[in-house]
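Undergrad: Kindly return the folded structure for what I paste below:
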Amino acid sequence: MLDQFHKATAQLGDISIRYAMAGSGPPLLLLHGYPQTHVMWHKIAPTLAERFTVVASDMRAYGDSSKPPTDAHHSPYSKRAMGNDQVELMRQLGFEEFLLAGHDRGGRVGHRIALDHPDAIHKLAVLDIAPTYTMYRTTDMEFARAYYHWFFLIQPHDLPERMIGADPAFYLNKKFGQWGRDSAAFTPEALAESHRCFTPETIHASCEDYRASATIDLEHDQVDIDQGRKVQCPLLCLWGEKGFVGQKYDVIAEWKKWADQVEGKGLPCGHYLPEEAPDETLEELLNFFN
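TA: This is a model prediction of the structure:
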């Protein structure tokens, strides 16, 4: 996958981050969602690399990147820690400022980077998410039913780890089927990569990612709200018209609570925009980042 990209691992202190890089022009960081890796961008990253220096990385907890030991506060898996990894990665590659597109969990990490490192992000695109704070604080039966995994994965270690680990292939396939609307959108190669990387270590680390979102990440968000801190760069929100987020939330209105410059639209797909609607996703990202 992404054969034309240079593959490498960056050592950031005790953390290693796997990434793929290609192209020239303004730097563009691509961050994946759960439970995938940087390979999820394979349908659009090569075309993006014709105009940008594209860096697609595996975030901490996922793929071939580090899964460090956790603590009682889940702080090693806070979006702040995961975002700091990506900022340092880009700095090692020579980019103090960059564009960023994040799908799902990657969008939440991008949101935190834009708040913590406002000088680093020139423009931010978030794909098929509403703000984490909004989704937790407005939880109702409809949300809990559709996003049950938000409440399952945050259960104390090691209940979800053992249950998922009993049949990880079944769990992965169910997740892709529940959130996507076009099973043919997932190539065998991309699915194989997701399955390869869904190891016991990844299962545990990804649970920690969600545990952090329900605890320390909300604390960080509350500080930003109390201090009136918003995303300063232009923000594009895209969502799948056939998915849950766009039907449940006024996505643009929710992101305007967190950023002053917001635009967005729905695309004809489910949750996995870059794979289910690659042409439409590519067009919107090119228009926004150009």
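
Undergrad: Starting from the longest strand seen in the chain, tell me which strands it pairs with and how they run.
TA: When every strand of the chain is counted residue by residue (DSSP state E), the longest turns out to be strand 15-23. Strand 15-23 has the following sheet partners, assigned by DSSP bridges: strand 6-12 (antiparallel), strand 53-57 (antiparallel).

Undergrad: right, so of these, which gets closest to residue 230?
TA: strand 53-57 (25.7 Å; CB to CB). Backbone N, C-alpha and C define where each C-beta goes, glycine included.

Undergrad: Following the chain past that closest one, name the next helix or strand.
TA: For strand 53-57, the following helix or strand on the C-terminal side (DSSP states H and E) is helix 79-92.

Undergrad: Of all the residues in that next one, which ones are buried?
TA: Neighbour-count burial for helix 79-92, counted by 16 or more other CB atoms under 10 Å, picks out 79, 80, 81, 82, 83, 84, 85, 86, 87, 89, 90.

Undergrad: next one: stretch 175-191
TA: By 16+ other CB under 10 Å, the buried positions in stretch 175-191 come out as 175, 176, 179, 180, 181, 185, 186, 190, 191.

Undergrad: Now tabulate the residues you listed in TSV and tack on distance to residue 150 and secondary structure.
TA: TSV is the format used below for these (distance: CB to CB, whole Å; DSSP: H, G, I helix; E, B strand; the rest coil):
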residue	distance to residue 150	secondary structure
175	12	helix
176	17	helix
179	13	helix
180	18	coil
181	20	coil
185	23	helix
186	22	coil
190	24	helix
191	23	helix
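
Undergrad: one step back: contacts for the longest strand of the chain?
TA: Applying CB atoms under 8 Å, 6 or more residues apart in numbering, the contact partners of strand 15-23 are 2, 4-10, 38, 45-46, 48-60, 63-66, 68, 85-86, 89, 93.

Undergrad: same thing with stretch 184-204?
TA: 1, 35-37, 39-40, 42, 58, 61-64, 67, 157-158, 160-161, 164-165, 168-169, 172, 176, 180, 269, 272, 275-276.

Undergrad: Apply 6 Å and report the result again.
TA: 1, 36-37, 39, 63, 67, 161, 164-165, 168-169, 172, 275-276 (CB atoms under 6 Å, 6 or more residues apart in numbering).

Undergrad: Farthest pair within these?
TA: Farthest pair in the contacts of stretch 184-204, by CB to CB: 161 and 276, 29.0 Å.

Undergrad: who's more crowded, those two?
TA: Legend: neighbour count by other CB atoms under 10 Å for residue 161 and residue 276, higher for residue 276 (25 against 18).

Undergrad: OK, contacts around the more buried one?
TA: Per CB under 6 Å, 6+ apart, neighbours of residue 276: 182, 185, 269, 270.

Undergrad: do residue 272 as well
TA: residue 180.

Undergrad: can you do 7 Å?
TA: Residues in contact with residue 272 (CB atoms under 7 Å, 6 or more residues apart in numbering) are 179, 180, 185.

Undergrad: Tell me if I'm right that the first one and residue 269 touch.
TA: No. Look at residue 179 against residue 269 with CB atoms under 7 Å: they stay out of range, at 10.6 Å.

Undergrad: Distance of the closest residue in space to residue 181 that isn't next to it in sequence relative to residue 112?
TA: Spatial nearest neighbour of residue 181, chain neighbours left out: residue 270 (3.3 Å); criterion: CB to CB, 6 or more residues apart in numbering. Applying CB to CB, to the nearest Å, the value for residue 270 to residue 112 is 25 Å.

Undergrad: burial measure for residue 171, as a count.
TA: 18.

Undergrad: before we move on, the earlier item: what's the most buried one of the strands paired with strand 15-23?
TA: strand 53-57 (a mean of 26; mean count of other CB atoms under 10 Å).

Undergrad: residues in contact with that one?
TA: 17-31, 38, 41, 45, 48, 86, 89-90, 93.

Undergrad: could you flag which of the residues you listed are buried?
TA: When the contacts of strand 53-57 are checked for burial by 16+ other CB under 10 Å, the buried set is 17-23, 26-31, 38, 41, 45, 48, 86, 89-90, 93.

Undergrad: For the stretch 151-290 of the chain, which segments count as helices?
TA: Ranges of helices in the stretch 151-290 of the chain, per DSSP state H, counting those that start in this stretch, are 159-165, 168-179, 188-197, 200-213, 216-227, 245-248, 251-256, 273-276, 278-289.
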